[in-house]
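Asker: Here's my sequence, what's the structure:
(chains A and B)
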Amino acid sequence: EAQVTQNPRYLITVTGKKLTVTCSQNMNHEYMSWYRQDPGLGLRQIYYSMNVEVTDKGDVPEGYKVSRKEKRNFPLILESPSPNQTSLYFCASSLTRGGHEQFFGPGTRLTVL
Amino acid sequence: QQQVKQSPQSLIVQKGGISIINCAYENTAFDYFPWYQQFPGKGPALLIAIRPDVSEKKEGRFTISFNKSAKQFSLHIMDSQPGDSATYFCAATSSGRGSTLGRLYFGRGTQLTVWP
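Answerer: Prediction:
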């Protein structure tokens, strides 16, 4: 089944404790992206990647890191999480480099205490 | 600066009625305008999309109307059903080179409730 998977789905952590949210797609898509969703703010793009080893900042990259070492994986790293990073995170992928027709994962609910 | 403005924030429609959600943008480099549908506890899913070379696109009960001169586009849901109750997001992106390539800008969402 074609899909985007994220792990973990739920995570509660404490301020400053490094964490990684994994994202994997099995559709051989060129493009991958991370978003955060907050009430009243919609979805905001954190980072995206149009190709392996190529990443670019979105609207809200501060406090996040990403890497794209292989086509199928695009992990999101929070080196020192803070409470304002409590949010619902979505990974997405697209066949086209420009990110049209994005397929979204099921989301990761992160709480930073 | 919000790249895509969406209204209304919430919408309540009777079953069988027409739901209309509006979006506006400023950046004339945008050339692809998708709509996403999100059910509670799920990720957004692409519903329908339009390019500015056409003024309307229809897929089943869902229609996008596009006004290039006004830089506005809207989603119409005909014969709205309780199963359409979800959050809808409009978005915009560019296919061309430059700083907008790869960037997908979302509106803030419209929570649609269809009463039976």
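
Asker: Tell me what residue B:77 is bridged to.
Answerer: residue B:19, residue B:62 (DSSP bridges).

Asker: Correct me if wrong: residue B:19 contacts residue B:77.
Answerer: Yes: shown here, residue B:19 and residue B:77 form a contact pair, counting by CB atoms under 8 Å, at 4.0 Å. C-betas here are computed from N, CA, C, even on glycine.

Asker: Determine the residues that are contacts of both of the two.
Answerer: B:84, B:112 (CB atoms under 8 Å, 6 or more residues apart in numbering or on different chains).

Asker: and stretch B:108-116 with chain A, contact?
Answerer: Yes: Stretch B:108-116 comes into contact with chain A (CB under 8 Å from any CB of the partner chain), by way of B:108-109.

Asker: just the strands in the chain please.
Answerer: I'll assume chain A. Using DSSP state E, the strands of chain A run over residues A:4-7, A:10-13, A:19-25, A:31-38, A:42-51, A:54-57, A:65-66, A:76-78, A:87-94, A:103-104, A:108-112.

Asker: wrong one, I was asking about chain B
Answerer: B:4-7, B:10-14, B:19-25, B:33-38, B:45-50, B:56-59, B:62-67, B:72-77, B:86-92, B:105-106, B:110-115.

Asker: I'd like to know which residues of chain A are adjacent to chain B.
Answerer: Going by CB under 8 Å from any CB, the residues of chain A near chain B are A:4, A:31, A:33, A:35, A:40-45, A:48, A:50, A:56, A:58-59, A:90, A:92, A:97-107.

Asker: Return a selection command, for use in ChimeraX, containing the buried ones of those residues.
Answerer: To isolate the buried ones among those in ChimeraX, judged by 16 or more other CB atoms under 10 Å in any protein chain shown, type:
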select /A:4,31,33,35,42,43,44,45,48,50,56,58,59,90,92,97,98,99,100,101,102,103,104,105,107
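
Asker: who's in contact with residue B:82?
Answerer: Applying CB under 8 Å, 6+ apart to residue B:82 gives the contacts B:15, B:114-116.

Asker: if I look at it, how far off is residue B:35?
Answerer: 19 Å (CB to CB, to the nearest Å).

Asker: Understood, closing this out.
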